[in-house]
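Q: return a 3D structure for these sequence lines:
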Amino acid sequence: MTTILLARHGETDWNRDNRFQGHADPRLNALGRAQARELAERLAAEQIAAVFASPLRRARETAEIVAGRLGLAVALVEALREVDVGSWSGLTADEIAERFPDGYGRWLEYAHGWDDGESYEELAERVVPALYALAERHEDEVILVVTHGGPIRAAHAHAAGTSHGEARRRGTLVDNCAFATFTVQDRRLRRLD
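A: Residues are numbered from 1 along each chain as shown. The predicted structure follows:
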């Protein structure tokens, strides 16, 4: 059995301003770096064997801060990137509602909203296999995976046997630098907390 600590990156200015980030690459702000240091202290006593991260700067920086405290290196995994929100990237919810009212209405109903970019299903199709592959490489170990809200919701949905929209509906919201604990055993992802 592999234990995966699945953590969200620290805060960016875009998080603070409630902007959709997607594949955009803003860096952590001062609060985000402080959150990453707090996460590192919370995880210092864990027997973490390896640290993996999305290559997007906000996740990579968070992982580097934590891994530095643990004396580990960070391996970047392309499949752990945030969902590509297409033309919504960089926009606030109010801006999206004004420019893309139909899509925003769908998104508020827990469906896919943007017309370009990547669907939640496509996100899950790359994230879940990546988590299984990492678990296979670290059987019977604890690993830290630093990623984004979308991939974490994809893991929640897969473990619960539900859709991404249903995971959003159930309130599966992950704060900056919060983490959830999953296990992988017999190619089955389970949430522990």
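
Q: which positions in the helix or strand where residue 131 lies come out as buried?
A: Here residue 131, judged by DSSP states H and E, is contained in helix 120-137. By neighbour count with 16 or more other CB atoms under 10 Å, helix 120-137 contains the buried residues 120, 123-124, 126-128, 130-132, 134-135. Any C-beta I mention is one placed from the backbone N, CA and C, and that applies to glycine too.

Q: next: stretch 57-74.
A: Within stretch 57-74, the residues that count as buried by 16+ other CB under 10 Å are 58-67, 70, 72, 74.

Q: need these in CSV (columns: distance to residue 46).
A: Converted to CSV, the buried residues of stretch 57-74 look like this (distance: CB to CB, whole Å):
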residue, distance to residue 46
58, 22
59, 19
60, 20
61, 20
62, 16
63, 14
64, 17
65, 15
66, 10
67, 12
70, 8
72, 11
74, 16
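
Q: just those residues now: which is nearest residue 108?
A: Comparing these against residue 108 with CB to CB places residue 58 closest, at 25.0 Å.

Q: quick check: the closest one vs residue 136, distance?
A: Here residue 58 is placed at a distance of 27 Å from residue 136 (CB to CB, to the nearest Å).

Q: ok, residue 94 next?
A: Residue 94 sits at a distance of 44 Å from residue 136 (criterion: CB to CB).

Q: avg pLDDT for stretch 57-74?
A: For stretch 57-74, the mean per-residue pLDDT is 98.

Q: can you tell me what sits against it?
A: Applying CB atoms under 8 Å, 6 or more residues apart in numbering, the external contacts of stretch 57-74 come out as 7, 9-10, 12, 21, 25-28, 32-33, 35-37, 39-41, 43-44, 48, 50-54, 76, 80, 144, 146-148, 177.

Q: wait, residue 55 sits on residue 76?
A: Yes. Counting by CB atoms under 8 Å, residue 76 is a contact partner of residue 55 at 4.4 Å.

Q: filter the contacts of stretch 57-74 to the buried ones?
A: 7, 9-10, 12, 21, 26, 28, 32-33, 35-37, 39-40, 43, 48, 50-54, 80, 144, 146-148, 177.

Q: out of the residues you listed, list just those in helices.
A: Counting by DSSP state H, the buried ones among the contacts of stretch 57-74 place 32-33, 35-37, 39-40, 43 in helices.

Q: could you redo the residues you listed as a markdown table and give each row distance to residue 113 and pLDDT?
A: Supplementary listing: these in a markdown table, determined by distance: CB to CB, whole Å; pLDDT from 0 to 100:
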| residue | distance to residue 113 | pLDDT |
| --- | --- | --- |
| 32 | 26 | 98 |
| 33 | 31 | 98 |
| 35 | 28 | 98 |
| 36 | 30 | 98 |
| 37 | 34 | 98 |
| 39 | 30 | 97 |
| 40 | 35 | 98 |
| 43 | 34 | 97 |
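
Q: want to throw these into a markdown table with distance to residue 158?
A: What follows is those, written out as a markdown table (distance: CB to CB, whole Å):
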| residue | distance to residue 158 |
| --- | --- |
| 32 | 27 |
| 33 | 31 |
| 35 | 26 |
| 36 | 26 |
| 37 | 30 |
| 39 | 23 |
| 40 | 27 |
| 43 | 23 |
